[in-house]
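**Student:** Here is a sequence with its predicted model. Questions after.
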Amino acid sequence: MKALTWQGKRSVSVEEVPDPRIQEPTDAIVRITSSGICGSDLHLYEVLGPFMDKGDVVGHEPMGIVEEVGSAVTDLKPGDRVVIPFNISCGHCFMCRHGLQSQCETTQVREYNSGCAIYGYSRMYGSVPGGQAEYLRVPHADYGPIKVPDTGEDERYLYLSDVVPTAWQAVQYAAPPEGGSLAVLGLGPIGQMSARIGRHLGYRVIAVDPVAERRAMAERHGVETLDSHPGVADELRESTDGRGPDAVVDAVGMEAHGSPVAGLAQQAVGLLPDPLARKAMETAGSDRLNAVYTAIDAVRRGGTISLSGVYGGSKSPLPLLTMFDKQLQFRMGQCNVKRWIDDLLPLVDDPSDPLGVLDLKTHTASLDEAPEMYEKFQKKQDGCIKVVLKP
């Protein structure tokens, strides 16, 4: 089959790889009909290269049609249309039973002291082949896949794999008071959906992003927007009675603009041989923290900051004095996709499209065009906000 593979820093290519096959009784094989390119895929493209191996199949936002199931899979059959959550969880361990599927004890990657395995996402998360491919082997298919109706565009359901539940969890973790204010930093796919969910739940939402096309998309859904600039925290305070928003979602993560020193550090690590680079990131890695610094500065005293943007640094400096003095709460982590599906499936299936899932994709491409789309997405060219690949 054809699959998108990692070849090196800022280099992905479509290659012929072996077809997946059933390996365990709880496996399924899914023929992929749509697969999203995620903002966190760009971390593999750039910063997390030391944890990748040449030829790794990438992608963690797939959906498609079940082709084959293992003998222990009783709730799926060939022909079922399914969305595949990006995290691989068993459904029966302590963590899964407590709604923390991203910490699944069955698939935890203990070599790197990481949470559950993730499709297409480096050694840190299990080196499991991903879903930007024609076919995907789905472990723990007796629990993970989400069955969706046979009718309707893929894009109505595709984002249940990551974008919609990640954004929903981000807003739930931010937990503004009823009728309160929520700032969203970053208007990539997760930020777009976080802002819309905030509006759906009745909050005043102010989103910050440097790209005009991204601000315009958010404004179509009733979101107030601000351009990103060094004084934006002051602007957020001024627009919220001088206090700052009740809660902030950081949907940017480790590659934030405006962090030149950390950016140079990331580049330096990337020049090391992979074993040395991995050790450097594990013990002394530093993120670009401009977005989280802005969140700490802007949020009101006693407020909450929800981190949905991915951070990977082990020694990133944080202003603990300010965080303590302002009495801030932080919540963060990979999304527990299955925890939220019962809340979200009715919303995306609603013909009125209350979350605007049909107004997120900006580019559709074939698998062969994926390398070009990665570059365009990273460089924020051509109004690129969300790419859906059609294998």
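**Tutor:** On my side now, so go ahead.

**Student:** Where does the prediction get shaky in this protein?
**Tutor:** Regions of the chain meeting the criterion pLDDT under 70 cover residues 254-287, 312-314.

**Student:** all helices of it, in order?
**Tutor:** Taking DSSP state H, the helices of the chain run over residues 41-45, 94-97, 154-157, 163-174, 189-200, 212-219, 232-238, 260-270, 274-284, 290-298, 320-325, 337-349, 370-378.

**Student:** could the ones you listed go into CSV alongside mean neighbour count and distance to Val252?
**Tutor:** From N, CA and C alone the C-beta is placed, and that goes for glycine too. Converted to CSV, the helices of the chain look like this (neighbours: other CB atoms under 10 Å; distance: least, CB to CB, whole Å):
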stretch, mean neighbour count, distance to Val252
helix 41-45, 22, 12
helix 94-97, 16, 27
helix 154-157, 20, 24
helix 163-174, 25, 12
helix 189-200, 28, 8
helix 212-219, 18, 12
helix 232-238, 17, 12
helix 260-270, 16, 13
helix 274-284, 15, 19
helix 290-298, 23, 4
helix 320-325, 10, 18
helix 337-349, 17, 21
helix 370-378, 19, 14
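
**Student:** Tabulate the ones you listed in JSON lines, adding columns for distance to Gln108.
**Tutor:** Shown next, in JSON lines, are the helices of the chain (distance: least, CB to CB, whole Å):
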{"stretch": "helix 41-45", "distance to Gln108": "20"}
{"stretch": "helix 94-97", "distance to Gln108": "8"}
{"stretch": "helix 154-157", "distance to Gln108": "28"}
{"stretch": "helix 163-174", "distance to Gln108": "19"}
{"stretch": "helix 189-200", "distance to Gln108": "24"}
{"stretch": "helix 212-219", "distance to Gln108": "35"}
{"stretch": "helix 232-238", "distance to Gln108": "37"}
{"stretch": "helix 260-270", "distance to Gln108": "25"}
{"stretch": "helix 274-284", "distance to Gln108": "16"}
{"stretch": "helix 290-298", "distance to Gln108": "26"}
{"stretch": "helix 320-325", "distance to Gln108": "29"}
{"stretch": "helix 337-349", "distance to Gln108": "16"}
{"stretch": "helix 370-378", "distance to Gln108": "29"}
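
**Student:** Out of the ones you listed, which is closest to Tyr125?
**Tutor:** Ranking the helices of the chain by proximity to Tyr125 (CB to CB) places helix 41-45 first, at 10.3 Å.

**Student:** Remind me what the closest one packs against, helices and strands.
**Tutor:** With contacts taken as 3 or more CB pairs under 8 Å, 6 or more residues apart in numbering; DSSP states H and E, helix 41-45 sits against helix 370-378.

**Student:** Quick one: closest of the helices of the chain to Ser127.
**Tutor:** It's helix 41-45; of the helices of the chain, that one is closest to Ser127 (CB to CB) at 11.6 Å.

**Student:** Measure how far the longest strand seen in the chain is from the centre of its chain, please.
**Tutor:** Longest strand in the chain, counting residues (DSSP state E): strand 28-37. What separates the centre of strand 28-37 from the centre of its chain is 17 Å, taken as CA atoms, centre = their mean, to the nearest Å.

**Student:** Parallel or antiparallel, which strands does that strand pair with?
**Tutor:** strand 62-69 (antiparallel), strand 135-138 (antiparallel), strand 387-390 (antiparallel) (DSSP bridges).

**Student:** For those strands, give me JSON lines that also has distance to Tyr157 and mean neighbour count.
**Tutor:** Formatted as JSON lines, the strands paired with strand 28-37 follow (distance: least, CB to CB, whole Å; neighbours: other CB atoms under 10 Å):
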{"stretch": "strand 62-69", "distance to Tyr157": "6", "mean neighbour count": "22"}
{"stretch": "strand 135-138", "distance to Tyr157": "16", "mean neighbour count": "25"}
{"stretch": "strand 387-390", "distance to Tyr157": "12", "mean neighbour count": "21"}
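
**Student:** Reformat these as JSON lines; add distance to Gly8.
**Tutor:** Shown next, in JSON lines, are those (distance: least, CB to CB, whole Å):
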{"stretch": "strand 62-69", "distance to Gly8": "23"}
{"stretch": "strand 135-138", "distance to Gly8": "23"}
{"stretch": "strand 387-390", "distance to Gly8": "20"}
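
**Student:** Between those strands, which one is closest to Gly79.
**Tutor:** Among the strands paired with strand 28-37, strand 62-69 comes nearest to Gly79, with 6.5 Å by CB to CB.

**Student:** Can you give the contact residues for that closest one?
**Tutor:** The contact list for strand 62-69 (CB atoms under 8 Å, 6 or more residues apart in numbering) reads 22, 27-36, 76-84, 119, 130-132, 135-136, 141, 145, 148, 154, 157-158, 161.

**Student:** residues contacting the closest residue to Val138 other than its chain neighbours?
**Tutor:** Spatial nearest neighbour of Val138, excluding adjacent residues (CB to CB, 6 or more residues apart in numbering): Ala28 at 4.5 Å. With contact taken as CB under 8 Å, 6+ apart, Ala28 is in contact with Ile22, Val66, Glu67, Glu68, Val69, Gly70, Val73, Leu76, Arg137, Val138, Ala141, Pro145.

**Student:** Would you mind measuring from the nearest residue to Tyr157 once chain neighbours are set aside to Leu160?
**Tutor:** Among residues not flanking Tyr157 along the chain, Val148 sits closest, at 4.3 Å (CB to CB, 6+ apart). Val148 sits 8 Å away from Leu160, going by CB to CB, to the nearest Å.
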